[in-house]
Structures are given as C-alpha cells and as structure tokens.
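Participant: give me a 3D structure for the following:
(2 chains)
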Amino acid sequence: MTNSNASVAHGTFIIERRYDASPERVFRAWSDPVAFRRWFVEAPGATIHEWRHDFRVGGSGGGRYRFGGHENAVGFNDTVFLDIVENRRIILSYVMGRELGDERRRDSASLATIELVADGAGARLIYTEQGAYFGEDGAAHIPLREEGCAEMLENLARELESRK
Amino acid sequence: MRALHSTLHFDRIYDATPARLFEAFESVEARSRWGVPGDQRLTYEAADFRVGGVDVCRCGDPGALDHRVETRYLDIVPGVRIVSSEIADHLDRRLGCSLNTALISPVPGGARLQLTIQIAAIDPEVTQGYEHGWTACLDLLADELRYSKEHP
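Facilitator: Here you go, the predicted structure:
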C-alpha cells in the first residue's frame, strides 16, 4: 500500500561535511554491515525488528524499526544500492514508510548520492538527495528529511570519532 | 569526477483515459513500442511490473543494443502514480541513475501526465540523452494511445 493521495512533491538538497578520517575509513563505515547498522539505525530507544545490508549493486538494505514506545508506528526503509565505486561514490534508492495495522504505507522515494573527496588528512562527504514525497503535505517533509539526513551524517562523525 | 544532479519535468495531455495511459506504462508490449526513439530498438530481458519488481531492457541502434537499463518499481498506485529507480549503462560503463515519477490525472477529455526524472549523471552527457530520449518517447506515447483508441 501507499499513500494514495495523488500529489507528489519533488525536492533536492545537498549536505556537505568534513570528517577527520580518510575516504577509505568513511567508505568502510557505509560498506561494513556491522558498522553501518551501529551508526545508522542503532539509537537509544530504538527497537530494530529486521535489518539487512547487502552492499553490492542491486543488493538491498534497510529494515523495520521503531523509535521510542508503542505509540510510535513501526517504520521501514527499503534501500537498493545502484552504484558503488570503492572509496569514492555510492548511489542508492530508498523508500521510507510506516506500518499502519496491516498496511505498509510508503511515504517517499529518494535517490541519494554519497560522494567522498580526500581533504588533507580527512575526507569531505557530499550527500545529495533527490526525493519524491507522497501526499498532500509532501512538500512539508522535505526540510524535515534534510534535518534527518544532517543528523545521520552527525551520527557518522561520532562513529568515526569513537573508533579511531 | 563528481556526479551531476538535475531534474527534468515533462507535462503532457493525452487523448486517452487515465486508465489507458496507465496501461501504456504497465504493459511491456506497449512500452516496447513507445519506450525508445523511432530510429532505435528495444528488447526486454525481464519485466515485473509490481512494487519491488525489476525490468531489464537493452536498447540502441538496430543490431547494436549496447545500452542496458534496469528499472525497479518503488511505488505503484494503479491509474495514478508509478515511481521507479533506474540504472543506465552503456556496455560496461555506468552512465547514471535516476528516480522517475509518472503522475497521471484526469483532465476534461483526456489524461495529464506529469513526469519527473531526477538524475544523478555519472557521464555528464547522459542528462541530455534523458531529455532527448524522453521527449521522443512521449511523442510516440501519443501515437500509441491514438492507435489503441482506434483499434480497441
């Protein structure tokens, strides 16, 4: 199932961040299933029902999880890796949604490009997300998604910092 | 080299019901006719029109179908919306990836198609390729719908 309201809002945002870690180390944090799960989805109060990370072109990632108590719906993320250039680039698509009773309601579909460029002793990560947000209030979700992605890249900074 | 990101919008009105317009996207036979510019050829190696399903087609000049396009259906609302991701390759070289949204709505006497192609171009020239290709195909789609109206 999906949000069947016919409206779709499209939007693009770009987030740039520098890490005190080599492009190789930053790339590994994306490619390694254990590392990725740790910084991407494991958060205090998160319950992870399913998770996968088949990091190859055509492989699938994502899963089902709940943040906080039962008042919050189970969310899902269905990711597919579309392009991988080791230590330099990852392009993936992902659909996000919520489980409402028996319904899996898809709320958005996105194309994300992660690019890594060496920057002194560290790496610059350029995250570009092109998205389609379903439903009447789709456009309102674009800035929220951008905030969420900035937070995600902040989690990655903590991961790299704590495992030097 | 960095990927080049861009968005193409197409907005067309067709002399067809929204259901017929949707069928032209759903049907592999129909897409084999309108899904490639007239001087080129296209064949499907796999087709699975449902959420999570994957299509694989090869296209190009007659006798040299050296482009490969892999489409994954991410969201389908019958008669209303189709969202898919695409990987485009030429021989063994990746040209780019895209997120495609086809939105169908009724208008008096026909159906409106709003097509949005969000592109991450690895080969910078692929953006223009998408624009030319889709422009030609959306013209062919009008012929396809006219034909199916006259030959129900």
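Participant: okay, A:G69: pLDDT?
Facilitator: A:G69 is assigned a predicted lDDT (pLDDT) of 89.
Participant: burial of it, as a residue count?
Facilitator: Around A:G69 there are 8 other residues, counting by other CB atoms under 10 Å in any protein chain shown. The way it works is simple: take the backbone N, C-alpha and C, and place the C-beta from them, glycine included.
Participant: now do the contacts for the closest residue to B:A88 other than its chain neighbours.
Facilitator: Counting by CB to CB, 6 or more residues apart in numbering or on different chains, B:A88 lies nearest to B:L95, which is 4.5 Å off, once chain neighbours are set aside. Listed by CB atoms under 8 Å, 6 or more residues apart in numbering or on different chains, the contact set of B:L95 reads B:67, B:88-89, B:121-123, B:126, B:129.
Participant: all helices of the chain, in order?
Facilitator: As the question left the chain open, I've gone with chain A. In chain A, the helices defined using DSSP state H lie at A:23-31, A:33-40, A:141-162.
Participant: my question was about chain B, not that one.
Facilitator: Here chain B has its helices, by DSSP H, at B:18-26, B:28-34, B:126-150.
Participant: highest average neighbour count across these?
Facilitator: Ranked by mean neighbour count, the helices of chain B are led by helix B:18-26 with a mean of 19 (mean count of other CB atoms under 10 Å in any protein chain shown).
Participant: quick revisit: can I get the helices of chain B in CSV including distance to chain A and mean pLDDT?
Facilitator: Listed next are the helices of chain B as CSV, based on distance: least, CB to the nearest CB, whole Å; pLDDT from 0 to 100:
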stretch, distance to chain A, mean pLDDT
helix B:18-26, 10, 97
helix B:28-34, 20, 95
helix B:126-150, 12, 93
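Participant: wait, which of the ones you listed is closest to A:A150?
Facilitator: helix B:126-150 (27.1 Å; CB to CB).
Participant: run through who's touching the closest one.
Facilitator: Helix B:126-150 has contacts (CB under 8 Å, 6+ apart) with B:4, B:6, B:8, B:10, B:12, B:14-16, B:20-21, B:24, B:30, B:33-38, B:88, B:95-96, B:98, B:113, B:115, B:117, B:119, B:121.
Participant: in ChimeraX, select just the buried ones from the residues you listed.
Facilitator: Of the contacts of helix B:126-150, the buried ones go into a single ChimeraX selection, burial set by 16 or more other CB atoms under 10 Å in any protein chain shown:
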select /B:4,6,8,14,16,20,21,24,30,33,34,35,36,37,88,95,96,98,113,115,117,119,121
